[in-house]
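**Student:** Return a 3D structure for these sequence lines:
(one chain, ligands or ions: 2)
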Amino acid sequence: MGFFDSAQEVLDKGVSAAKGAVSGVAVEQQSFVKQFVRMCDDGWRQGWHERNGGNASYRMAPEDVQSCKGFFYDTPSSWVALPSPLLNLAGEKFLVTAAGSHMRNVSLDPAANIGIVELDDTGSSWRIVWGFKGGGVPTSELPSHLMGHISRLAADAENRVVMHSHPTNLIAMTCVHELDSREFTRTLWRMNNECIMVLPDGVNVLPWQLCGTSDIGVETAREFKTARVVVWAHHGVYACGASLDDAFGLIESAEKA
Ligand code: 13P
Ligand code: ZN
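**Tutor:** Ligands and ions are numbered 1, 2, ... in the order given. Got it, this is the predicted structure:
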């Protein structure tokens, strides 16, 4: 069964009403959720997220899970199988943007435009435990995000965020520049001295290919082994970091250069 073959099933079944938590701070009011929503807003204001362009994921810390779990659905969605097991992410929970959601709408209705997915204890499948109100499902780029998290965690145990956006200048640069990671990096470094400090490991560039697939996820994860920024030629960019600010700032710096 394909990665999103079960999406309709998730949609059809819907998700249960939110648990009526009697105490605690609603998921939308948690600090990490507010920061995530703000990042979506900021990215749209930068012009990086036309229509449903771009997506983001945040690996929840144990304290995030603790403060949100009272609001998780009594009946989560059914499990959706991943193309291959991601054992390193077993049991992890991610705050993720919804497939097709417009970044400019996230702050208007977080519970409809973002959601929390949890991986099972073998990392073989995921299910929705909060959000995606109205039948939404996680971003079509979930494979790239999850595989990206694994890859970056191997390099940096603190990594929590993977962000994907469509910044105009970086995309334009892929139309006129040699798609060689070393040369691409050197041009960015030359254009803006700050980039050497912010991006000492440079950026890696992938040639154009179909997005939303497991294949592009595998390749992105491979490129994430040696850089925190991966440019998808004629499409956009991926960045990661220990915090939302880190990931966002990497894209800001590369885009400015
Ligand atoms: P989603 O709407 O599924 O997140 O896709 C947006 C995108 O940018 C695809 O690369
Ligand atoms: Zn995209």
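
**Student:** for ligand 1, what are the nearby residues on the stretch 1-150 of the chain?
**Tutor:** With Cβ under 6 Å from any ligand atom as the criterion, the stretch 1-150 of the chain meets ligand 1 at residues 52, 53, 54, 55, 97, 99, 100, 139, 140, 141. C-beta coordinates here come from the backbone N, C-alpha and C atoms, glycine included.

**Student:** Quick one: those residues as TSV, columns for secondary structure too.
**Tutor:** TSV is the format used below for those (DSSP: H, G, I helix; E, B strand; the rest coil):
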residue	secondary structure
52	coil
53	coil
54	coil
55	strand
97	strand
99	coil
100	coil
139	coil
140	coil
141	coil
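
**Student:** Let's see if you can find the most crowded of those.
**Tutor:** Neighbour tally across those (other Cβ atoms under 10 Å): the maximum, 31 neighbours, falls on residue 97.

**Student:** shouldn't residue 48 be in contact with residue 252?
**Tutor:** No. Under the criterion of Cβ atoms under 8 Å, residue 48 is not in contact with residue 252, lying 9.4 Å apart.

**Student:** More neighbours: which of these two?
**Tutor:** Between residue 48 and residue 252, counting by other Cβ under 10 Å, residue 48 is the more crowded of the two (25 against 18).

**Student:** Check the gap between the more buried one and residue 227 for me.
**Tutor:** Residue 48 sits 19 Å away from residue 227, going by Cβ to Cβ, to the nearest Å.

**Student:** same check, this time on residue 133
**Tutor:** As judged by Cβ to Cβ, residue 133 and residue 227 stand 36 Å apart.

**Student:** okay, those two: which has more neighbours?
**Tutor:** Higher neighbour count among residue 133 and residue 227: residue 227, with 23 against 18, using other Cβ under 10 Å.

**Student:** give the contact list for that one.
**Tutor:** Residues near residue 227 by Cβ atoms under 8 Å, 6 or more residues apart in numbering: 181, 199, 201, 202, 203, 204.

**Student:** Quick check: what element follows the helix or strand containing residue 44 along the chain?
**Tutor:** Residue 44 is part of helix 31-45 when elements are defined by DSSP states H and E. The element immediately downstream of helix 31-45 (helix or strand, assigned by DSSP H and E) is strand 55-59.

**Student:** got the contact list for that next one?
**Tutor:** Strand 55-59 is contacted from outside by 32, 36, 39-40, 43, 92-97, 99, 139-142, 145-146, 149, 159-164, 244, 247, using Cβ under 8 Å, 6+ apart.

**Student:** again, only using 7 Å
**Tutor:** 32, 36, 39-40, 92, 94-97, 139, 141, 145, 149, 160-164, 244 (Cβ atoms under 7 Å, 6 or more residues apart in numbering).

**Student:** Return the list of strands paired to it, each annotated with direction.
**Tutor:** Applying DSSP bridges to the sheet, strand 55-59 is found paired with strand 93-97 (antiparallel), strand 161-165 (antiparallel).
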